[in-house]
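Trainee: Could you look at this predicted model? Sequence included:
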Amino acid sequence: MERRRYKQLRTARPDDIPQTIKRVFAYMFKNKWQTALVFLCIMISSLANVASSYFFKPIINDYVVPFIGQDNPDLTNFAYMLVVMALIYLVGVVSTYAYKRMMSVISTGVLAQIRYDLFNRLQDLPIRYYDTHTHGQIMSFFTNDTDTMRQMIADTFPQFISSIVTIVGSFTMMAILSPVLMIITLGMLAVMLFITITLGKRSRENFKIIQRAAADLNGYSEEMISGQKVIKVFSYEDNIKAGFYDIAEEMRVAGTKANSFANMLMPIMGNLSYIAYAITAAVGAVMTINGSFHVGSLASFLLYSRQFSAPIGQLSQQFNYVMMALAGAERVFRLLDTDKEVDEGNVTLVNAIENEDGSLTETEERTGIWAWKDPENGNALTRVRGDVRFENVIFGYEEGKTVLNDVSFYAKPGQKIALVGSTGAGKTTITNLINRFYDVPDGKIRYDGININRI
């Protein structure tokens, strides 16, 4: 029974990865200048890496090959080229250090803001939400789901931008150096992308199951630990062990499948990149021997081919973290999108003083006299008497399952009423309705003749 209840709490939803990423970026861009500076540093770092690889072409073609066999070659220009390369590498290193430091600050701030928004949203949700979600499930939004986004924001997003710049830059330079070898590289890239997309689809759903199961596990554990006295009284230990095992087993199976597909990706990408490198080197060597290519150009091209495929391998290495983070982010944003509790009431409870003629005047002081203030009646004040009436109330927590059916009763001012009945008869439900934790779909509840929905 416990296991079925946890399964009912789940809601399936199709993946919307672009929208999820867009919303994460929206949090990042709340620090506009800092985020823009991060992107600038990433661009500089990536372009410095691309530019430095091109220097191998002139160094080998103009300074290494011509000087072979010479006794006293002039290495002045060669040294100058090395200094320029060193400066470019230095700029790239400094830029990398800068954006990694700033991303640590940004990621921490984003996660803090998401937690603020989650907590604020929880204050606006109706009691019904808390009745249908355990404390452990709600806490998992602040812990598991939010924490999974840390690496994605701090590492994966910068790596993704850097990879795009590196791929575009390397592709451009390869097209300049040798269109023939570039076509070979693109063919291998198409194979790598196909494998990445195929494995990604198969593992994505399993990562979503892991996040949901983690929330269920937290909720189940919290509920069972807090209810240990009841469990001991009814000797229910074996039943809750079975329920815990079901959730943990589902999490284990989903984790095995998800990580199996994700962990396949890195070795496959690595081996394919080596194969592409070997084919490119072989074809380039033949072209060089035939005199249609230069040694320096081949060296630069091979460096670019590694730079071209390396980002794909790096992203595939973080693939499982990304899928886990996106699954957690979807759950977080689903909670943030949950409708707030709407209060359309306009009658308020105010302190009042009684005038000599018996009329009431609103006051900020606590006088012990309370009054209903009705804006629809010219802000007229009506003294609180304490007359509570249920009139033909029909209510159920779930559609089709009526708890109270055509219930009517009243309590006169100062009168004490006792609600007596067996467990599940509706005593707590009546208390919830009196406090307007729920609105009744049919019937009326009135305080001193005022519909509770107007208060």
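Mentor: That came in fine, so what should we check first? None of these values were measured; they are calculated from a predicted model. Numbering: from 1, shown residues only.
Trainee: Distance check, the nearest residue to residue 135 once chain neighbours are set aside against residue 134.
Mentor: Nearest residue to residue 135, sequence neighbours excluded (CB to CB, 6 or more residues apart in numbering): residue 222, at 5.2 Å. Where C-beta positions appear, they are placed from N, C-alpha and C, glycine not excepted. From residue 222 across to residue 134, the span is 6 Å (CB to CB, to the nearest Å).
Trainee: more neighbours, the two?
Mentor: residue 134 (23 against 17; other CB atoms under 10 Å).
Trainee: Which residues are in contact with that one?
Mentor: Residues counted as contacts of residue 134 (CB atoms under 8 Å, 6 or more residues apart in numbering) are 218-220, 222-223.
Trainee: Any stretches of the protein with poor pLDDT?
Mentor: 1-15, 69-70, 199-205, 208, 261-262, 265-266, 312-320 (pLDDT under 70).
Trainee: in terms of contact, does residue 363 touch residue 355 like I think?
Mentor: No - when contacts are counted by CB atoms under 8 Å, residue 363 is not listed as touching residue 355 (11.2 Å).
Trainee: So between those two, which is more surrounded?
Mentor: A count of neighbours by other CB under 10 Å puts residue 363 above the other of residue 363 and residue 355, at 13 against 9.
Trainee: Tell me which residues touch the spatially closest residue to residue 126 that is not a sequence neighbour, please.
Mentor: Excluding the flanking residues, the one nearest residue 126 by CB to CB, 6+ apart is residue 341, at 4.1 Å. Residue 341 is in contact with 124-126, counting by CB under 8 Å, 6+ apart.
Trainee: does residue 341 count as helix, strand or coil?
Mentor: With DSSP: H, G, I helix; E, B strand; the rest coil as the basis, residue 341 sits in coil.
Trainee: hey, where'd the strands end up in the protein?
Mentor: 348-354, 360-362, 370-374, 380-383, 388-395, 404-411, 442-447, 450-451 (DSSP state E).
Trainee: ok, the residue nearest to residue 100 when sequence neighbours are not counted to residue 321 distance?
Mentor: With sequence-adjacent residues excluded and distances taken as CB to CB, 6+ apart, residue 100 is closest to residue 158, at 7.3 Å. Per CB to CB, residue 158 is found 14 Å from residue 321.
Trainee: Between those two, point out the one with more neighbours.
Mentor: Shown here are residue 158 and residue 321; by other CB under 10 Å, residue 158 has more neighbours (22 against 18).
Trainee: which residues are in contact with stretch 303-314?
Mentor: By CB under 8 Å, 6+ apart, stretch 303-314 touches 49-50, 53, 56, 159, 162-164, 166-167, 170-171, 173-174, 177, 181, 185, 188-189, 192-193, 196, 266, 269-270, 272-273, 276-277, 280.
Trainee: any idea how far that stretch is from the chain center?
Mentor: Computed by CA atoms, centre = their mean, to the nearest Å, the separation of stretch 303-314 from the middle of its chain amounts to 28 Å.
Trainee: re earlier: right, and the residue nearest to residue 100 touches residue 101 too?
Mentor: No - at 11.3 Å, residue 158 and residue 101 do not qualify as touching, with contact defined as CB under 8 Å.
Trainee: what's the single longest helix in the protein?
Mentor: Identified as the longest helix of the chain according to DSSP state H is helix 237-289.
Trainee: Determine how far the last residue of stretch 377-386 lies from the first.
Mentor: Using CA to CA, to the nearest Å, the end-to-end distance of stretch 377-386 comes out at 20 Å.
Trainee: Flag every buried residue along it.
Mentor: 381-382, 384 (16 or more other CB atoms under 10 Å).
Trainee: Nearest residue to residue 119 in space, please, no chain neighbours.
Mentor: residue 142 is the one closest to residue 119 (CB to CB, 6+ apart), at 7.7 Å.
Trainee: Compute the distance between the one you found and residue 438, please.
Mentor: 26 Å.
Trainee: list the contacts for the residue nearest to residue 100?
Mentor: By CB under 8 Å, 6+ apart, the neighbours of residue 158 are 38, 42, 99-100, 103.
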